[in-house]
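**Q** The following comprises the amino acid sequence and a computationally predicted model.
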Amino acid sequence: MRITVVGGGNVGTQFMVHCAAKGHDVIAYTSDPSVFSKHLNIVDENGVTTLEGDISLATNDPGKAFGDAELIMITLPSNLMKGIAQKVYEHAPASAVIGVVPGNGGSECAFDKCIEKGNVFFALERVPAIARLVQKGHTVKSTGYRKELHVAAIPSSKAEECAAIIESIYDKPCRVIPNFLNLTMTPSNPILHTTRLRTIFKDYEPGVVYERLPLFYEEWSDESSELLIKCDEEVQQICYALPEFRLEFVKSLRIHYESPTVEAMTAKISSIPAFKGLKTPYVEVEGGLIPDFHSRYFTADFSYGLSIIKQIAVFADVDTPNIDEVLAWYERYRVEQGGFSYSDYGINTREDFDRFYLR
């Protein structure tokens, strides 16, 4: 296949290597093509190469990237989806299959014009593995590969075809999820990151500086687990209120992490090897550290994560006091303009919402 991967970061580079290793014709669409070598590789935690392959081109020209692509895989943060969707719409053929990883963040709405044009659109529920760049444009470290991957598509009748593509690239079983809303509601980073930030910076206000901040995961606290579980329960209440969407794939994080209690959740998250050493996003200022409100942990996971879950709660007529409090806290400090809103895509009522997702 002729495959264009959008984004030269962690997940994008990983996907390029897997595709190239399978013999596909791979193009990297990236803002800085000059840093990309032809030969890319994946290494394990010991720095040993586990997979490698050659891409045919790295470019920032959308015509070259999308003009005759058969598969376009988007690995950008949610706040960039609307812009890239317009470029894909303008340059890609209607026969191209468009994928996004991971599938939350409202990407299905951003690509609605492409779907109406005839493109099949799909997304992976979660990233296939933890990926961390070792050298941009050359090497990525990949650990913790999932035993099974999950895919949803619009229209849903094309999901099996999309699952087969991903299965062939990653050599992992890929199950079909019955409705795309399962991906939109997946309570991963939109719950995990936001509740952690809320508890770490609970006492923050302008002028406050910190001598030290805890590691984001490795020093996870019971306070963070308690708020995480409360918000996770509210997500499940939204799912119960929408039975027609078959949201059984929106797993509670207590099930996902096999941690039914606050203490178990803290022990589990703080011990995940792939999360070791990851820092809380901060900026150094005179006297210490302050939150980095420009970090994706903030700009993506609130405005393109938790906010979407809240909007769905409104459509479902479900009260979410804990989610509301976390969002209200962030609104005091948010730095980005806009954010995701269903109304931007003509989805203003429950009827509009049903029409969009039940197709």
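**A** Everything's here; your move. Numbers count the residues shown, from 1 in each chain.
**Q** Give me the below-cutoff pLDDT ranges for the chain.
**A** Applying pLDDT under 70 to the chain flags no residue at all.
**Q** Would you tell me which helix is longest in it?
**A** helix 222-240 (DSSP state H).
**Q** Tell me the helices and strands packed up against that one.
**A** With contacts defined as 3 or more C-beta pairs under 8 Å, 6 or more residues apart in numbering; DSSP states H and E, the packing partners of helix 222-240 are helix 189-200, helix 253-256, helix 262-270, helix 307-316, helix 321-331. (C-beta placed from N, C-alpha, C; glycine too.)
**Q** now do 6 Å
**A** helix 189-200, helix 262-270, helix 307-316, helix 321-331 (3 or more C-beta pairs under 6 Å, 6 or more residues apart in numbering; DSSP states H and E).
**Q** Hmm, residue 18 is touching residue 169, no?
**A** Yes: the pair residue 18 / residue 169 is scored as a contact, 5.2 Å apart, by C-beta atoms under 6 Å.
**Q** For the longest helix of the chain, list every residue counted as buried.
**A** 223-232, 234-236, 238-239 (16 or more other C-beta atoms under 10 Å).
**Q** thinking again about what came up before, want to throw the helices and strands packed on helix 222-240 into TSV with mean neighbour count and distance to residue 243?
**A** Output for the helices and strands packed on helix 222-240, formatted as TSV (neighbours: other C-beta atoms under 10 Å; distance: least, C-beta to C-beta, whole Å):
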stretch	mean neighbour count	distance to residue 243
helix 189-200	24	21
helix 262-270	18	27
helix 307-316	19	10
helix 321-331	16	21
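**Q** right, and those - which one's nearest residue 299?
**A** When the helices and strands packed on helix 222-240 are compared by C-beta to C-beta, helix 321-331 sits nearest residue 299, at 10.0 Å.
**Q** could I have that closest one exported to CSV, CA atoms only?
**A** Taking C-alpha atoms only, helix 321-331 is exported to CSV below (Å, rounded to 0.1, in the frame of the first residue of the first chain):
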residue,chain,number,x,y,z
PRO,A,321,-20.2,17.0,39.5
ASN,A,322,-16.6,15.7,39.7
ILE,A,323,-15.9,16.2,36.0
ASP,A,324,-17.5,19.7,36.3
GLU,A,325,-15.2,20.6,39.1
VAL,A,326,-12.1,19.5,37.3
LEU,A,327,-13.1,21.5,34.2
ALA,A,328,-14.0,24.6,36.2
TRP,A,329,-10.5,24.5,37.8
TYR,A,330,-8.9,24.4,34.4
GLU,A,331,-11.0,27.2,33.0
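**Q** Ok, which of the helices and strands packed on helix 222-240 comes nearest residue 250?
**A** helix 307-316 (10.0 Å).
**Q** Remind me what the closest one packs against, helices and strands.
**A** So helix 307-316, by 3+ C-beta pairs under 6 Å, 6+ apart, packs with helix 222-240.
**Q** Could you figure out how far the helix it packs on is turned away from helix 307-316?
**A** Angle, helix 222-240 to helix 307-316, by axes from the mean of the first three to the mean of the last three C-alpha atoms, to 10 degrees: 40 degrees.
**Q** May I have helix 222-240 as CSV, with CA atoms only?
**A** Extracted C-alpha coordinates of helix 222-240, given in CSV (Å, rounded to 0.1, in the frame of the first residue of the first chain):
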residue,chain,number,x,y,z
ASP,A,222,-4.2,8.2,46.7
GLU,A,223,-5.8,11.6,46.3
SER,A,224,-5.3,11.4,42.5
SER,A,225,-6.7,7.9,42.5
GLU,A,226,-9.8,8.9,44.5
LEU,A,227,-10.6,11.7,42.0
LEU,A,228,-9.8,9.5,39.0
ILE,A,229,-12.2,6.8,40.2
LYS,A,230,-15.0,9.4,40.9
CYS,A,231,-14.7,10.8,37.4
ASP,A,232,-14.4,7.3,35.9
GLU,A,233,-17.7,6.4,37.6
GLU,A,234,-19.4,9.4,36.0
VAL,A,235,-18.1,8.2,32.6
GLN,A,236,-19.7,4.9,33.2
GLN,A,237,-23.0,6.6,34.2
ILE,A,238,-23.0,8.4,30.8
CYS,A,239,-22.5,5.0,29.1
TYR,A,240,-25.4,3.5,31.0
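**Q** centre of the chain versus that helix, how much separation?
**A** Relative to the centre of its chain, helix 222-240 is centred 19 Å away, using C-alpha atoms, centre = their mean, to the nearest Å.
**Q** Stretch 214-222 now?
**A** Taking mean C-alpha positions (C-alpha atoms, centre = their mean), stretch 214-222 and its chain are 21 Å apart.
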